[in-house]
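Chemist: here are the coordinates; sequence isn't available:
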């Protein structure tokens with residue numbers, strides 16, 4: 001059956017988020033505003049009026065950065081730590097938005113994507129008169145870096161398979177596989193927080209990073225202990241957060257990805273390398289218009305507030 005096309009979405013009204021940057025520690029205000037059909041996702045640095053302040057949320061705008069995803073336009077204007085809000089946009093099926101921000105770093109909030117999801121669902125979505133176009137993976141593409149691997153291969157919907165391994169016994173080896181269709185991200189992943197080891201915190205602060213990090217916006221581990229108050233939201237919260245990060249980084253493809261992503265000890269940089277490898281090979285992908293046949297296969301289709309986990 002052909003059926004009607006799945007239509008693009010934007011927010012009904014602006015969603016406002018205020019907090020501090022994880023690495024800078026500086027206060028930042030971010031407003032996610034509706035945008036017209038086919039506009040895509042763009043960041044706008046409202047604090048840099050004398051330069052091109054628009055930064056596309058796109059894979060080819062990513063530049064090397066430690067510990068987060070950093071976007072930079074041709075004028076040198078940057079926005080960093082975009083992965084959590086990008087994951088929330090993907091998980092809520094928001095295709096068009098302008099993200100106004102008065103600093104170089106997205107606020108970390110509680111270290112997860114849940115506050116963004118809450119804000120978006122509170123505002124509600126409106127359908128637009130343009131079809132959703134997705135990137136369908138046609139053949140396997142893989143990149144490696146030492147023991148780390150990131151891979152995309154054909155699948156009917158977005159699936160994420162992730163494996164991590166840390167020496168700390170409180171983390172250890174974790175693996176998880178999810179079909180990300182219709183609300184799975186909101187129900188299973190959005191509340192999982194960024195995490196690190198206590199030794200990492202000390203090293204980062206010695207190098208001027210993680211100045212805004214606290215036990216309230218990251219899960220901190222030390223050997224067999226969880227130092228953050230209240231412990232874990234999920235017994236496997238670290239691997240869930242890595243999947244959340246991958247979701248956000250994949251949305252920089254410029255639309256939903258229809259394929260299976262496998263990450264083994266992978267991070268932001270490797271996922272970006274994977275997208276670059278995918279788009280460098282025209283035979284590895286194609287843009288498809290999403291029809292009724294894809295209903296339930298796209299993240300965010302039909303998501304409602306009751307899908308939010310109990311931590312919301």
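Modeler: Done, it's in. Quick caveat: nothing in here was measured; it's all calculated off a predicted structure.
Chemist: In which helix or strand does the closest residue to residue 184 other than its chain neighbours reside?
Modeler: Leaving aside its chain neighbours, residue 184 sits nearest to residue 178 (5.7 Å; criterion: CB to CB, 6 or more residues apart in numbering). Heads up, the C-betas are built off the backbone N, CA and C, glycines and all. Here residue 178 sits within strand 173-179, counting by DSSP states H and E.
Chemist: center of the protein, which residue is that?
Modeler: residue 248 (1.8 Å; CA atoms, centre = their mean).
Chemist: That residue in helix, strand or coil?
Modeler: Of the three states, residue 248 takes helix under DSSP: H, G, I helix; E, B strand; the rest coil.
Chemist: my guess is it contacts residue 68, does it?
Modeler: No: if you go by CB atoms under 8 Å, residue 248 and residue 68 don't touch, sitting 10.3 Å apart.
Chemist: Common neighbours of the two, please.
Modeler: Common neighbours of residue 248 and residue 68, counting by CB atoms under 8 Å, 6 or more residues apart in numbering, are 82-83.
Chemist: Any stretches of the chain with poor pLDDT?
Modeler: Applying pLDDT under 70 to the chain flags the ranges 1-4, 202, 204-206, 208-213, 295, 311-312.
Chemist: rerun that using 50 as the cut-off
Modeler: Flagging of the chain using pLDDT under 50 yields the residue ranges 1-2, 312.
Chemist: Show me where it has its helices.
Modeler: Counting by DSSP state H, the chain has helices at residues 83-91, 114-123, 184, 198-206, 237-250, 268-280.
Chemist: how about the strands of the stretch 51-200 of the chain, start to end?
Modeler: Ranges of strands within the stretch 51-200 of the chain are 54-56, 62-63, 70-72, 78-80, 97-101, 125-131, 133-137, 141-145, 148-153, 159-165, 173-179, 195-197, based on DSSP state E, counting those that start in this stretch.
Chemist: right, and those - which one's nearest residue 305?
Modeler: strand 125-131 (12.0 Å; CB to CB).
Chemist: what residues does the closest one touch?
Modeler: Strand 125-131 is contacted by residues 5-12, 34, 36-38, 92-96, 289-290 when judged by CB under 8 Å, 6+ apart.
Chemist: from these, which ones fall inside strands?
Modeler: Within the contacts of strand 125-131, residues falling in strands by DSSP state E are 7-11, 34, 289.
Chemist: If any of those are buried, put those into a ChimeraX selection.
Modeler: In ChimeraX, this line selects whichever of these come out buried by 16 or more other CB atoms under 10 Å:
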select :8,9,10,11,34
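Chemist: got the ones in strands among the contacts of strand 125-131 as TSV, with distance to residue 84 columns?
Modeler: Listed next are the ones in strands among the contacts of strand 125-131 as TSV, based on distance: CB to CB, whole Å:
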residue	distance to residue 84
7	26
8	22
9	19
10	19
11	17
34	20
289	29
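Chemist: which one of the ones in strands among the contacts of strand 125-131 sits closest to residue 307?
Modeler: Using CB to CB, residue 9 comes nearest to residue 307 of the ones in strands among the contacts of strand 125-131, at 15.5 Å.
Chemist: May I see the buried residues of stretch 56-71?
Modeler: Applying 16+ other CB under 10 Å to stretch 56-71 flags 57-59, 61-62, 65, 67-71 as buried.
Chemist: Can you tell me which of those comes closest to residue 236?
Modeler: Compare each of those with residue 236 using CB to CB and the shortest gap goes to residue 67, at 21.0 Å.
Chemist: so that closest one touches residue 23, yeah?
Modeler: Yes: applying CB under 8 Å, one finds residue 67 in contact with residue 23, separated by 7.4 Å.
Chemist: Let me know the distance separating residue 174 from residue 234.
Modeler: Computed with CB to CB, to the nearest Å, the distance linking residue 174 and residue 234 is 10 Å.
Chemist: Ok, residue 181 next?
Modeler: For residue 181, the distance to residue 234 - CB to CB - is 20 Å.
Chemist: more crowded one of those two?
Modeler: Relative neighbour count places residue 181 above the other of residue 181 and residue 234, with 20 against 17, counting by other CB atoms under 10 Å.
Chemist: Export the helices of the chain to a markdown table and append columns for distance to residue 221.
Modeler: Converted to a markdown table, these look like this (distance: least, CB to CB, whole Å):
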| stretch | distance to residue 221 |
| --- | --- |
| helix 83-91 | 20 |
| helix 114-123 | 20 |
| helix 184 | 26 |
| helix 198-206 | 7 |
| helix 237-250 | 8 |
| helix 268-280 | 20 |
